[in-house]
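**Student:** Based on what follows, work out the 3D shape:
(one chain, ligands or ions: 2)
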Amino acid sequence: MNDLQKKTVISALMILAMAVLVPVYWLREPARQEAAATRIKHEAATRGAEFFLSNCSLCHGRTGDLLPGRNLRQTQMDEAALAKVISRGRPGTGMPAFGAEDGGMLKKFEIGELTTFLLNWDQSLIESAAAHLPPAAAAPISTPSPPPLPTATPKPVVTPKPGPATTIPGPTPTTRPTAPPTATEKPFTPAATKPAPAATPPAPTAAGDIQRGRTVYASLGCAACHGAEGQGGIGPALKGKDAASVKSAIRSGKGTMPAFSPAQLTDADLDNIIAFLASLK
Ligand code: HEC
Ligand code: HEC
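**Tutor:** Ligands and ions are numbered 1, 2, ... in the order given. Predicted coordinates for the structure are as follows:
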């Protein structure tokens, strides 16, 4: 082969290679785009899970099924319906409005991240958010005997910032101010669950455990609707109600109030709630 022939052969090979590679590249492009879309979706769902843990799990539970008949983990609602409820809330119920346009704190894209999470529920995202968010953001899991709510011990949410300052040798002020929660950690405190003025410790009654009643009352969402001290809110004030009407409202539901079955609330805990309500002055 002379020089010219060699060059011709090389050019021909290059053209051939291009002819093969370019279509391969184009064929792979949708797959690449799909992978990128999956990654973006995963990131959105991860942030959505963090929002859910800090803003929603108080009422809906960490597993999304604390409110009877409103299992968010297996919601049948579509994206638009979810976004609407989250943004506007459900007036007349315990569901607050979260949309910035409705006086809430979540921007449209943040609500989008929430709906992405809700429609692709992945419990491990909640658990990993719980592992790195401050403990106060982590609401109880919906188990028959829930642990005390964070609202029972109202402490400000502060995250000590592990900064370089702590590693510098020498005199470090012991009372360093702690960092405020970051933007992704906006814990939502429904007005109804604000710390109540310290009441004189009520005497235990034979019928039920008042302290336990208070805990169950808070963790089942009663406090969210009826106020932490039963003072009323979305639902009526519960002071001075007789045990029989409390029982029937809880077991059968009433108006917009959901019913609580013995699986969700044992008879013993129902008595504890009644004891707690009876202790309210
Ligand atoms: C203070 C308590 C409370 C908080 C906090 C709360 N919710 Fe709700 N939510 C409710 C109640 C109560 C209902 C049921 C309303 C009704 O009776 O229709 C509800 C209903 C819903 C529904 C409709 C479910 C259905 O099947 O009808 C969605 C979706 C929802 N909430 C999502 C959220 C999300 C997401 C958050 C956090 C951004 C959140 N909620 C925070 C109390 C709350
Ligand atoms: C989603 C909000 C919501 C939740 C959660 C909720 N309630 Fe209610 N509750 C209401 C509303 C609203 C009413 C009034 C219903 C009506 O009369 O139409 C009501 C009524 C009642 C009544 C009857 C009051 C009366 O005047 O007879 C009792 C008692 C009661 N609730 C106790 C509880 C307890 C205890 C819990 C928790 C186990 C609870 N509620 C959870 C909203 C709620």
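**Student:** Kindly report the residues of the stretch 1-150 of the chain close to ligand 1.
**Tutor:** By C-beta under 6 Å from any ligand atom, the part of the stretch 1-150 of the chain that sits against ligand 1 consists of 55-56, 58-60, 67, 70, 72, 75, 82, 85-86, 90, 93-96, 98, 114. No exception for glycine: its C-beta is placed from N, CA and C like everyone else's.
**Student:** Can you report how many residues lie near residue 275?
**Tutor:** Other residues lying near residue 275 total 22 when counted by other C-beta atoms under 10 Å.
**Student:** can you tell me which residues contact the closest residue to residue 69 other than its chain neighbours?
**Tutor:** Take residue 69 and drop its neighbours on the chain: the residue closest to it by C-beta to C-beta, 6 or more residues apart in numbering is residue 258, 5.7 Å away. With contacts taken as C-beta atoms under 8 Å, 6 or more residues apart in numbering, residue 258 has the following neighbours: 67-70.
**Student:** Adding distance to residue 239, pLDDT and neighbour count, write these out as JSON lines.
**Tutor:** Formatted as JSON lines, the contacts of residue 258 follow (distance: C-beta to C-beta, whole Å; pLDDT from 0 to 100; neighbours: other C-beta atoms under 10 Å):
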{"residue": "67", "distance to residue 239": "24", "pLDDT": "85", "neighbour count": "21"}
{"residue": "68", "distance to residue 239": "24", "pLDDT": "81", "neighbour count": "17"}
{"residue": "69", "distance to residue 239": "27", "pLDDT": "85", "neighbour count": "8"}
{"residue": "70", "distance to residue 239": "27", "pLDDT": "90", "neighbour count": "15"}
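**Student:** what about the closest residue to ligand 2 within the stretch 51-200 of the chain, distance to residue 275?
**Tutor:** Ranked by C-beta to the nearest ligand atom, the top residue of the stretch 51-200 of the chain for proximity to ligand 2 is residue 94, at 3.8 Å. In this structure, residue 94 lies at 23 Å from residue 275, with C-beta to C-beta, to the nearest Å as the measure.
**Student:** now do residue 236
**Tutor:** In this structure, residue 236 and residue 275 are separated by 19 Å, where distance is defined by C-beta to C-beta.
**Student:** Quick check: of the contacts of residue 258, which lies closest to residue 31?
**Tutor:** Distances from the contacts of residue 258 to residue 31 were compared by C-beta to C-beta; the smallest belongs to residue 70, at 38.4 Å.
**Student:** pretty sure the closest one contacts residue 60?
**Tutor:** Yes: at 7.2 Å, residue 70 counts as touching residue 60 under the criterion of C-beta atoms under 8 Å.
**Student:** Those residues of the stretch 151-281 of the chain touching ligand 2, which are they?
**Tutor:** Proximity of the stretch 151-281 of the chain to ligand 2, by C-beta under 6 Å from any ligand atom, involves residues 220-222, 224-226, 234-236, 238, 241, 245-246, 249-250, 254-257, 260, 265, 273.
**Student:** just those that are near ligand 1?
**Tutor:** By C-beta under 6 Å from any ligand atom, the members of those lying near ligand 1 are 224, 256.
**Student:** which of the residues of the stretch 151-281 of the chain next to ligand 2 count as buried?
**Tutor:** Using 16 or more other C-beta atoms under 10 Å as the burial test, these include 220-222, 224-226, 234-236, 238, 241, 246, 249-250, 257, 260, 265, 273 as buried.
**Student:** Tell me, what's the model's pLDDT at residue 162?
**Tutor:** The predicted local distance difference test score for residue 162 is 41.
**Student:** so what pLDDT did residue 50 get?
**Tutor:** With respect to pLDDT, residue 50 scores 94.
**Student:** typo on my end, it should be residue 44
**Tutor:** The model's pLDDT for residue 44 equals 94.
**Student:** so it touches residue 118, yeah?
**Tutor:** No: Residue 44 is beyond contact range of residue 118, at 11.3 Å (criterion: C-beta under 8 Å).
**Student:** The two: who's more crowded?
**Tutor:** Residue environment comparison for residue 44 versus residue 118 gives the larger neighbour count to residue 118, 23 against 19, counting by other C-beta under 10 Å.
**Student:** I'd say the more buried one and residue 74 touch.
**Tutor:** No: counting by C-beta under 8 Å, no contact exists between residue 118 and residue 74, whose distance comes to 10.0 Å.
**Student:** Please export the C-alpha coordinates of the helix or strand of the chain with the lowest mean pLDDT as PDB.
**Tutor:** Of all regular secondary-structure elements in the chain, judged by mean pLDDT, DSSP states H and E, the least confident is helix 222-226 with a mean of 82. What follows is helix 222-226, C-alpha atoms only, in PDB (Å, rounded to 0.1, in the frame of the first residue of the first chain):
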ATOM      1  CA  CYS A 222     -56.600  14.300  69.500                       C
ATOM      2  CA  ALA A 223     -54.400  17.300  70.700                       C
ATOM      3  CA  ALA A 224     -54.000  18.500  67.100                       C
ATOM      4  CA  CYS A 225     -57.800  18.900  66.800                       C
ATOM      5  CA  HIS A 226     -59.000  19.500  70.300                       C
END
